[in-house]
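Trainee: based on what follows, work out the 3D shape:
(2 chains)
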Protein chains: 2
Amino acid sequence: MDRLPTVLDVGRAAGVSRQTVSNVLNSPEVVKPETRARVEAAIADLGYRPHASARRLRTRRSSTIGIRLDPMANGISGSVHDRFLHSLTEQADAQGLRVMLFTATDPQDEIRQIRRLHEGSDVDAFVLTSTMFGDPRTQWLVEHDIPFVTFGRPWGIDDLNDPQHRWVDVDGRTGLRLATAHLLAEGDRRIAYLGWPSPSGTGDDRKQGWRDEMELSSGLSKAELDSLQLGVEDGVAEGREAIRELIEVGIPFDAIVCASDSLGLGALLMVGPDIPVIGYDNTPVAQAVGLSSVEQPLDDVAAGVLELIVQLFGSRDASTDAGAGDPRHRLVEPRLVVRHRRIG
Amino acid sequence: MDRLPTVLDVGRAAGVSRQTVSNVLNSPEVVKPETRARVEAAIADLGYRPHASARRLRTRRSSTIGIRLDPMANGISGSVHDRFLHSLTEQADAQGLRVMLFTATDPQDEIRQIRRLHEGSDVDAFVLTSTMFGDPRTQWLVEHDIPFVTFGRPWGIDDLNDPQHRWVDVDGRTGLRLATAHLLAEGDRRIAYLGWPSPSGTGDDRKQGWRDEMELSSGLSKAELDSLQLGVEDGVAEGREAIRELIEVGIPFDAIVCASDSLGLGALLMVGPDIPVIGYDNTPVAQAVGLSSVEQPLDDVAAGVLELIVQLFGSRDASTDAGAGDPRHRLVEPRLVVRHRRIG
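Mentor: Here you go, the predicted structure:
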């Protein structure tokens, strides 16, 4: 065996369960002498040595959580992932759980890293972010029975009623509804949506929130709504250009709601202070330039992720899905932060 | 090769035994240089990454670096620490080292956490940030012979010639000199400094950079310089108020250099687009509002920290300070990013 032997290997060799091996290691007095002898022989045969992580696992599932940290990409919205990581680390620490970071170049590489960390028993559960349609990572993790929770739902599957895996997400659809309803209440009617091209799990969800509210309360026709719905790549320059084109083709609008603060800042730079703009993520940049924005309550997301991880451990320890009756997801409500622009 | 390459694969490719590969990985000094070069080439060719747990057992070292992650405090400058963490994780991963996070409520608590992680052999070396005068953490770590490197120098001690410990820092004094010299060259003469109250290791260092350059080239008297030197707590509101007071007492100024982007944004909001302002940290907020700023090259800082950690391990493995002749610190040069404000 090239990899290190695990408790499972010892159990297999001795013809006992993983739990029995664990008992021999931690509470030998509860194990029958013959069984104990067999397990101890298997431990010696295989050269099984509990190392630091294993010891921690034995004494208490003091568990280490692995999470991928990406290179800094988008200076504006990248801070959302960082804020989540801060909150997760702080709350995990308070529960005696640790957070280990790793990096990966793409989803396949992330799977390789996860396998490596899992096989080494260095990490007990993984937190995945930025879920996507047909996510190869979550499919692989489910197949390999590796504990994980995602920040982001399994897009394209029946998320709420029959989730493939445990997840926490922010209800972006409600976020955009809140933003759109606020502007409608302020008297704006022709509210444009500046978002990303379809298909995009997150993007289409947010867009639908704007669309729901506009169909309900704006009185605009379907064709008018289509003309106010913009989809471009994320970025300040992209947002600015999209709004420039909207102005150039002569489609009137009273206000803009956006799928991100990057797009929101781009829109703001184009229209100036007279047209209300609402971004998404309530980043430090939105705060600095006085851009209204939809805030993701990341403390609640982190708390939800940890709850589900603990639920997952509970169900595995009991060898049955103890948490079967509990909801396997958390859909967190965002909140709208309205501010007056201080620059512009 | 679909599976991950193993030590055996490396040995086969280099024409050496598994033990020799292991020696190259763990005690390279016992391997002949030619053999070592051949093995290292095979490692690079195959993309071999040492199985962390196996390596951990062999060396009794977990190859894990611990770093404290604070709750998100300052939305503007807090991103510097995050950007450093991203860079550190990415570069550590490429070297087969891992990053484990922990939190702490204060320096004494940080010491407790470090002791706990060190005693459990879960973490081999620590990276400390935000060093301060008379730092209780570094003193304790030195006394207990626990490997660590700081991002931030041991303020108040002879840092460069006789450092108490290994450290990497950005030369803030040079950063402020660059900013001040740029404004002087543009024709500004009465350049105000907006920084923090003394004593502050980082703050006093940056202030001195402004002072050096002004004494050299501005032609202003000592008393005039004193009147242009402001020290307030960090924050947008604080920066704005400090500049408001400077205007109210009627002290004329042509430009402002700042110890942070928070202060810089506050100054910018007060003076508007006609007075040049230069911040510090080149945060996403500075980029978004078009504030010129001094950038800390955090990739270089992370590379320096890892170099010193590896140096530290080398010296400990050899039971003598093998790195005694090598510099035990890295002072990294910042760069000035000049931009025209796009808002305001």
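Trainee: contacts for stretch A:199-210, please.
Mentor: When contacts are defined by CB atoms under 8 Å, 6 or more residues apart in numbering or on different chains, stretch A:199-210 is touched by residues A:131-133, A:152-153, A:155-156, A:172-180, A:191, A:193, A:195-198, A:229, A:231, A:257, A:259, A:280. For every residue, glycine as well, the C-beta is placed using N, CA and C.
Trainee: try it again with 6 Å
Mentor: Defining contact as CB atoms under 6 Å, 6 or more residues apart in numbering or on different chains, one finds that stretch A:199-210 is touched by A:133, A:155, A:172-173, A:176-177, A:180, A:193, A:195-196, A:198, A:257, A:259.
Trainee: quick one: which of those has the most company?
Mentor: A:V257 (34 neighbours; other CB atoms under 10 Å in any protein chain shown).
Trainee: and the residue of the stretch 101-250 of chain A closest to chain B?
Mentor: Proximity of the stretch 101-250 of chain A to chain B (CB to the nearest CB) peaks at A:G120, 3.6 Å away.
Trainee: just the pLDDT for that residue.
Mentor: According to the prediction, A:G120 has pLDDT 75.
Trainee: picking that back up, right, and the pair among the contacts of stretch A:199-210 with maximum separation?
Mentor: A:F133 and A:T180 (24.9 Å; CB to CB).
Trainee: which strands and helices lie in contact with the helix or strand where A:L269 lies?
Mentor: Following DSSP states H and E, one finds A:L269 within helix A:261-271. Counting contacts by 3 or more CB pairs under 6 Å, 6 or more residues apart in numbering or on different chains; DSSP states H and E, helix A:261-271 packs against helix A:236-248, strand A:277-280.
Trainee: right, so these: which one is the most enclosed?
Mentor: Most buried of the helices and strands packed on helix A:261-271, by mean neighbour count (mean count of other CB atoms under 10 Å in any protein chain shown): strand A:277-280, with a mean of 30.
Trainee: check which element follows it along the chain.
Mentor: helix A:284-289.
Trainee: contacts for the helix or strand that that following helix is followed by, please.
Mentor: The C-terminal neighbour of helix A:284-289 among helices and strands, as given by DSSP H and E, is strand A:292-295. Taking contacts as CB under 6 Å, 6+ apart, the residues outside strand A:292-295 that touch it are A:175, A:179, A:261, A:278-280, A:282, A:286, A:334-339.
Trainee: buried ones among those residues?
Mentor: A:175, A:179, A:261, A:278-280, A:282, A:286, A:334, A:336-337 (16 or more other CB atoms under 10 Å in any protein chain shown).
Trainee: pick out the lowest-pLDDT one from these.
Mentor: Out of the buried ones among the contacts of strand A:292-295, that is A:A286, at 88.
Trainee: start to end distance for stretch A:155-172?
Mentor: 13 Å (CA to CA, to the nearest Å).
Trainee: again with stretch A:221-239
Mentor: Rule used - CA to CA; the end-to-end distance of stretch A:221-239 is 24 Å.
Trainee: flag every buried residue along that stretch.
Mentor: Buried residues in stretch A:221-239, defined by neighbour count with 16+ other CB under 10 Å: A:225, A:227-228, A:230-232, A:234-236, A:238-239.
Trainee: centre-most residue in chain A?
Mentor: Nearest to the mean C-alpha position of chain A, counting by CA atoms, centre = their mean, stands A:F151 at 1.6 Å.
Trainee: so what's that one closest to, chain neighbours aside?
Mentor: Leaving aside its sequence neighbours, A:F151 sits nearest to A:T129 (CB to CB, 6 or more residues apart in numbering or on different chains; 4.8 Å).
Trainee: how about the one you found, phi and psi?
Mentor: Backbone torsions of A:T129, given as degrees, to the nearest 10, read phi -120, psi 170.
Trainee: give me the neighbour count for it.
Mentor: Around A:T129 there are 17 residues (other CB under 10 Å).
Trainee: ditto for the one 5 residues further on
Mentor: Other residues near A:G134 number 10, with proximity taken as other CB under 10 Å.
Trainee: pretty sure it is in a strand, no?
Mentor: No - per DSSP: H, G, I helix; E, B strand; the rest coil, A:G134 lies outside any strand segment and is coil.
Trainee: so it versus A:P107, what's the distance?
Mentor: 10 Å (CB to CB, to the nearest Å).
Trainee: again with A:T283
Mentor: From A:T283 to A:P107 the distance is 25 Å (CB to CB).
Trainee: count of neighbours near the residue in the stretch 151-300 of chain A that chain B sits nearest to?
Mentor: Closest contact between the stretch 151-300 of chain A and chain B, by CB to the nearest CB, is at A:P284 (3.6 Å). Neighbourhood size, A:P284 [other CB under 10 Å]: 26.
Trainee: same thing with A:P28?
Mentor: Neighbours of A:P28 under the rule other CB under 10 Å: 12.
Trainee: the closest residue to it other than its chain neighbours: which element?
Mentor: Counting by CB to CB, 6+ apart, A:P28 lies nearest to A:R36, which is 5.8 Å off, once chain neighbours are set aside. Per DSSP H and E, A:R36 falls inside helix A:33-46.
Trainee: packing partners of that helix?
Mentor: helix A:7-14, helix A:18-26.
Trainee: may I see the buried residues of that helix?
Mentor: A:35-36, A:38-40, A:42-43, A:46.
Trainee: considering these, which is situated nearest to chain B?
Mentor: Nearest member of the buried residues of helix A:33-46 to chain B, counting by CB to the nearest CB, is A:L46, at 13.6 Å.
Trainee: quick check: that closest one touching A:P5?
Mentor: Yes - using CB atoms under 6 Å, A:L46 makes contact with A:P5 at a distance of 4.1 Å.
Trainee: shared neighbours of the two, which are they?
Mentor: Contacts common to A:L46 and A:P5, judged by CB under 6 Å, 6+ apart, are absent.
Trainee: show me where the stretch 101-250 of chain A has helices.
Mentor: In the stretch 101-250 of chain A, the segments counted as helices under DSSP state H, counting those that start in this stretch are A:107-119, A:136-143, A:172-185, A:201-217, A:222-227, A:236-248.
Trainee: packing partners of the fifth one?
Mentor: What that stands for is helix A:222-227. Looks like helix A:222-227 contacts no helix or strand (3+ CB pairs under 6 Å, 6+ apart).
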